[in-house]
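*Asks:* here is my input, please return the structure:
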Amino acid sequence: MPPPPSTRPAPRVRIHPLGDTALLAELGTRLDTALNTRAIALAAALKKRRDVRQAVAGYTGVTVHFDPDQTTPDVLGAAIKRLAAKRPPMAEPGRLHRIPVVYEGPDLEEVAARLNLSPARIVELHSMPIYRVFLVGFVPGWAYLGPLPEELELPRRHVPRTQVPAGSVAIAARQTGIYPLPTPGGWHLIGRTSVKLFLPDSDPPSLFRAGDRVKFFAAKS
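*Replies:* A predicted model of the protein is given here:
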């Protein structure tokens with residue numbers, strides 16, 4: 001006997017205008033891998049439409065750039081809601097990246113003290129999950145990874161650094177990431193890696209892509 005159809009309500013989609021030729025489709029507000037999966041699937045479906053020029057998935061929503069000669073915000077907004085109500089196809093797991101980290105970051109001791117944990121426990125907690133690449137942005141090659149274990153949650157630094165070395169592994173709020181290039185930054189630096197994230201001769205030029213998975217492991221310096 002087949003299982004009964006799901007009674008789980010479809011996600012409520014909020015449509016926000018972004019100028020004259022773009023919309024933001026918001027599926028939710030919490031940092032959640034399931035919502036991110038739906039956002040990626042919705043962006044993929046929208047890219048197939050003739051009236052859509054570009055669809056970019058974010059944490060829990062999609063920015064949609066459209067051709068005003070082929071559609072209107074109301075028509076496209078209704079189409080987005082119909083697509084979002086469909087159960088997304090079973091997606092293949094994103095590529096798994098194993099990233100070696102030397103956990104000797106300049107903020108490791110301070111982070112441990114603020115969280116009342118030992119540095120060894122910080123390393124253990126940080127390297128435990130398999131993180132989701134929610135989106136790529138900020139600077140070329142940067143990926144927002146999460147969710148970070150609740151025990152490691154800290155707000156960003158009060159005073160950002162004017163320059164963070166490339167390869168620095170950092171945490172802030174419920175996320176973690178790797179600085180791909182020397183750049184200013186306000187996250188807490190707990191380690192470093194030699195893995196190159198910005199690949200200018202590749203297409204796309206980022207090692208990580210939205211939906212990929214990342215597993216950190218401790219390496220010797």
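*Asks:* ranges for the helices of the chain?
*Replies:* 33-46, 73-85, 108-115, 119-126 (DSSP state H).
*Asks:* tell me what angle the first one forms with helix 73-85.
*Replies:* Angle, helix 33-46 to helix 73-85, by axes from the mean of the first three to the mean of the last three C-alpha atoms, to 10 degrees: 130 degrees.
*Asks:* how about the last one?
*Replies:* Angular relation of helix 119-126 and helix 73-85 on a 0 to 180 degree scale: 100 degrees, by the same axes, to 10 degrees.
*Asks:* excluding chain neighbours, what is closest to residue 169?
*Replies:* Distances taken as C-beta to C-beta, 6 or more residues apart in numbering place residue 191 nearest to residue 169, at 4.0 Å, with adjacent residues excluded. Placement of C-beta: from N, CA and C, glycine included.
*Asks:* isn't the one you found right up against residue 100?
*Replies:* No - between residue 191 and residue 100 there is no contact under C-beta atoms under 8 Å: 9.5 Å.
*Asks:* before we move on, back to that, with mean neighbour count, distance to residue 204 and mean pLDDT as added columns, please give the helices of the chain in CSV.
*Replies:* Below are these laid out as CSV (neighbours: other C-beta atoms under 10 Å; distance: least, C-beta to C-beta, whole Å; pLDDT from 0 to 100):
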stretch, mean neighbour count, distance to residue 204, mean pLDDT
helix 33-46, 21, 15, 89
helix 73-85, 17, 24, 93
helix 108-115, 15, 32, 97
helix 119-126, 18, 26, 98
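*Asks:* ok, which of these comes nearest residue 141?
*Replies:* helix 33-46 (18.9 Å; C-beta to C-beta).
*Asks:* so who does the residue most central in space within the chain touch?
*Replies:* Geometric centre of the chain, nearest residue: residue 134, 1.8 Å, by C-alpha atoms, centre = their mean. Residue 134 is in contact with 31, 36, 58, 59, 143, 144, 145, 146, 175, 210, counting by C-beta atoms under 8 Å, 6 or more residues apart in numbering.
*Asks:* so which of the residues you listed comes closest to residue 65?
*Replies:* residue 58 (13.5 Å).
*Asks:* and the closest residue to that closest one other than its chain neighbours, how far from residue 120?
*Replies:* Among residues not flanking residue 58 along the chain, residue 135 sits closest, at 5.5 Å (C-beta to C-beta, 6+ apart). Between residue 135 and residue 120 the computed distance is 31 Å (C-beta to C-beta, to the nearest Å).
*Asks:* again with residue 67
*Replies:* 55 Å.
*Asks:* likewise for residue 113?
*Replies:* Counting by C-beta to C-beta, the separation of residue 113 from residue 120 is 14 Å.
*Asks:* how far away from the center of its chain is stretch 12-26?
*Replies:* Relative to its chain's centre, stretch 12-26 lies at 20 Å (C-alpha atoms, centre = their mean, to the nearest Å).
*Asks:* any buried residues in it, and which?
*Replies:* Buried residues in stretch 12-26, defined by neighbour count with 16 or more other C-beta atoms under 10 Å: 13, 15, 22, 23, 25, 26.
*Asks:* now do stretch 175-187
*Replies:* In stretch 175-187, counting by 16+ other C-beta under 10 Å, buried: 175, 176, 177, 178, 179, 180, 183, 185, 187.
*Asks:* tell me the one of these nearest residue 198?
*Replies:* So of those, ranked by how close each gets to residue 198 (C-beta to C-beta), first place is residue 180, at 4.3 Å.
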